[in-house]
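> let me see the structure of the following:
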Amino acid sequence: MTTTSVSSDIPASYLSNYTSSSSLHSFARRHSIYGTEDRVVLDIGSLYIKCGFSGESHPRHIVPTCSRLERSPGPDGEAFSVDSQPVGLYELDLMAKGDMKSLEEKLKKLLHDIYFRLLLTDPKSRKVIICESPLSPVALKRTIADLLFQYFQVPSISFVPVHLMALLTTGTTTGLVIDCGNLETTVLPVYSARPLVPYIATTPLAGRALTQRLRSLLLDHGRFIPPSHLKLSLAPQNPIPRSVLTPSLLESLKATILFCSPLMMDREVRMDPIAGYKNFSSATDIYYPVVLADGTKATLLIPGWIRERAAEVLFEGDDDDEPSVVHCVLNAILKAQPDLRRPLASSLLLNGGTSLIPGFASRLKQEILRVMRDPSPFEKKRYASLLRLHNSVRFIDSPEENNGAGRIFMNNMRGWIGGNLDS
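The predicted structure follows:
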């Protein structure tokens, strides 16, 4: 079993869920059907790269794309550390504004570390499976292919759609896959193992939008308690300095303290959202310890309503440029043929790290049912043909709804595990 340690620049909790895991790796490995050598499976996202071998139950490592892994000796042996703040590997407008030379250098260093420091394998001897989104920038795919073929000299590359791969982990071939990642949320219908790409729907309301909303709320309403010998309730409180809210801290806050409120907001309350958030919140305030750049320890006072309502950004948005995740789901169903809509609505599947926020699935279902049962005038006009499907909305991996085994694989792992199965 291999472990990946992190430096003090990034809190241990930030990557606690992203190191190589678990006793599941002790299971007998299933060799690839294409040969005796297991394939290398890569799921390259904007913030993390999942890597491992086919035939294993989980990826070996989940590597942040922020910088090169540096060698650092430790008391328990040699380890590898990440020594910069999390920064996205690419942007949605990569083909228009992206620095392709910089992207190529980043990918070259990351893939070199993955092959020779983490997986400890010769790239020339192993075929590669890459899980990709249907809307991934063509320039990104071309850069990855050029590096793997020309620099690493891999024998072959297979690009597989991550939505279909995620669906295969449930043992079904028809469903509506909602991939809520960092840069965007994409909703893709899959019917009989065929991704219906013309019916795809997208919105930029995803992990990065949540990070921006959380940062804004903390700067306006959070409190900073500097190092003090007084009790936290008696210590002086100041506005949170911008320098304290680093990307790694915000990622840690998203993973540990946020949740989706089970209470939906009334349309009238959304006219003054902050007042509504404060009045319709049952969460408690928390004191969150932080380590400052100079090594001193301080504390953040985070109001409970921020913990509960920061994720509201995913369910808000306008109707055209930035539709909410709910409208994105309904738009994808609406684009499909009428005879496909009911099977798709009854087979929803969540994928991506942002969908791991506690309460996200139940809140998403509530919002979909609200549109179908009590639509606004605009929603009634636009989604008139979907309003009769309210009795059919259910998630594939919900044991209460489908009498199944429930969620077996984590949402952020589904794509990689599906690619593993495809090998």
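> what residues sit buried inside stretch 352-367?
Neighbour counts over stretch 352-367 (16 or more other Cβ atoms under 10 Å) mark 352-357, 360-361, 363-367 as buried. Glycine gets a C-beta too; all of them are placed from N, C-alpha and C.
> actually stretch 294-311, not the one I wrote
298-303, 305-311.
> and stretch 375-389, by the same measure?
Under the neighbour-count criterion of 16+ other Cβ under 10 Å, stretch 375-389 has 375, 379, 382-383, 386, 389 buried.
> just the ones of those residues in helices?
Among these, the ones falling in helices (DSSP state H) are 379, 382.
> what would the buried residues of stretch 375-389 look like in TSV with pLDDT and distance to Asp422?
As requested, the buried residues of stretch 375-389 are exported to TSV (pLDDT from 0 to 100; distance: Cβ to Cβ, whole Å):
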residue	pLDDT	distance to Asp422
Pro375	91	39
Glu379	91	38
Arg382	93	36
Tyr383	94	34
Leu386	94	32
Leu389	93	31
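> coming back round to it: helices - which of the buried residues of stretch 352-367 land there?
Of the buried residues of stretch 352-367, the ones assigned to helices by DSSP H are 360-361, 363-367.
> what about the stretch 301-423 of the chain, any weak spots by pLDDT?
Along the stretch 301-423 of the chain, segments meeting pLDDT under 70 span 319, 399-406, 423.
> ranges for the strands of the stretch 301-423 of the chain?
Per DSSP state E, counting those that start in this stretch, the stretch 301-423 of the chain carries strands over the ranges 348-351.
> which one of the buried residues of stretch 352-367 is nearest to Pro59?
Of all these, Pro59 sits closest to Gly353, with 13.2 Å by Cβ to Cβ.
> ok, the closest one - contacts?
By Cβ atoms under 8 Å, 6 or more residues apart in numbering, the contact list for Gly353 reads 48, 180-182, 207, 411-412.
> pick out the most distant pair among those.
Tyr48 and Cys180 (14.2 Å).
> more neighbours, those two?
Comparing Tyr48 with Cys180 by other Cβ atoms under 10 Å, the one with more neighbours is Cys180, at 28 against 23.
> where are the low-confidence patches of the chain?
Short version for the chain, where the test is pLDDT under 70: 1-36, 67-87, 94-98, 267-271, 319, 399-406, 423.
> show me where it has helices.
94-97, 100-113, 138-146, 162-168, 207-221, 247-256, 273-279, 304-309, 325-335, 338-345, 360-373, 377-382, 399-402, 414-422.
> tell me the centre residue of this structure?
Gly353 (2.4 Å; Cα atoms, centre = their mean).
> can you tell me how far that residue is from Gly181?
Distance, Gly353 to Gly181, by Cβ to Cβ, to the nearest Å: 7 Å.
> list residues touching both of those two?
Joint contacts of Gly353 and Gly181 (Cβ under 8 Å, 6+ apart) are Gly207.
> who's Arg223 bridged to?
Counting by DSSP bridges, Arg223 forms beta bridges with Pro239, Leu301.
> correct me if wrong: it contacts Ile306.
No - using Cβ atoms under 8 Å, Arg223 makes no contact with Ile306, being 11.0 Å away.
> so which of the contacts of Gly353 is the most crowded?
Cys180 leads those on contacts (other Cβ under 10 Å) with 28 neighbours.
> that one touches Ala209, doesn't it?
No - contact criterion Cβ under 8 Å: Cys180 and Ala209 do not qualify, at 10.5 Å.
> got any residues that touch both of the two?
Common contacts of Cys180 and Ala209 (Cβ under 8 Å, 6+ apart): Leu314.
> just the contacts of Gly353 now: which is nearest Val244?
Distances from Val244 to the contacts of Gly353, taken by Cβ to Cβ, are shortest for Gly207, at 20.5 Å.
> need the contact list for the closest one.
Contacts of Gly207 by Cβ under 8 Å, 6+ apart are 47, 180-183, 254, 352-354.
> that one and Asn182: what is the separation?
4 Å.
> got it, and Pro137?
In terms of Cβ to Cβ, Pro137 sits 14 Å off from Asn182.
> surely Ser385 touches Pro338?
Yes - under the criterion of Cβ under 8 Å, Ser385 makes contact with Pro338 at 7.2 Å.
> on that earlier part again, which of the contacts of Gly207 sits closest to Leu147?
Leu47 (19.2 Å).
> about what we covered before: right, so of the helices of the chain, which gets closest to Glu37?
Closest among the helices of the chain, using Cβ to Cβ: helix 414-422, at 14.4 Å.
> give me the residues contacting the closest one.
Contacts of helix 414-422 (Cβ under 8 Å, 6+ apart): 41, 43, 50, 52, 54-59, 129-131, 158, 160, 162-169, 179, 349, 351, 409.
> same thing but 6 Å
41, 43, 50, 54, 59, 129, 131, 160, 162, 165-166, 168-169, 351, 409 (Cβ atoms under 6 Å, 6 or more residues apart in numbering).
> determine which two of those residues are furthest apart.
Top of the distance list for the contacts of helix 414-422 (Cβ to Cβ): Ser54 and Asn351, 19.4 Å.
> between the two, which one's more packed in?
Asn351 (27 against 23).
> the more buried one is in contact with Cys180, isn't it?
No - in this structure, Asn351 is not within contact of Cys180 by Cβ atoms under 6 Å, at 7.3 Å.
> which residues do those two both contact?
Joint contacts of Asn351 and Cys180 (Cβ under 6 Å, 6+ apart) do not exist.
> show me the contacts for the residue nearest to Arg208 when sequence neighbours are not counted.
Spatially, and ignoring its direct neighbours in sequence, Arg208 is nearest to Asn182 (5.5 Å; Cβ to Cβ, 6 or more residues apart in numbering). Contacts for Asn182 (Cβ under 6 Å, 6+ apart) come out as 46-47, 207-208.
> what sits closest to Lys124 if chain neighbours are left out?
Nearest non-adjacent residue to Lys124 (Cβ to Cβ, 6+ apart): Gln153, at 5.0 Å.
> quick check: the gap between Pro358 and Gly222.
On the measure of Cβ to Cβ, Pro358 and Gly222 end up 20 Å apart.
> among the contacts of Gly207, which two are most distant?
Leu183 and Lys254, at 14.8 Å, using Cβ to Cβ across those.
> what is the burial count for Leu344?
25.
> can you check Arg242 too?
10.
> who's in contact with the residue nearest to Ser281 when sequence neighbours are not counted?
When the adjacent residues along the chain are set aside, Ser281 lies closest to Trp305, with 3.7 Å between them (Cβ to Cβ, 6+ apart). Trp305 is in contact with 277-278, 281, counting by Cβ under 6 Å, 6+ apart.
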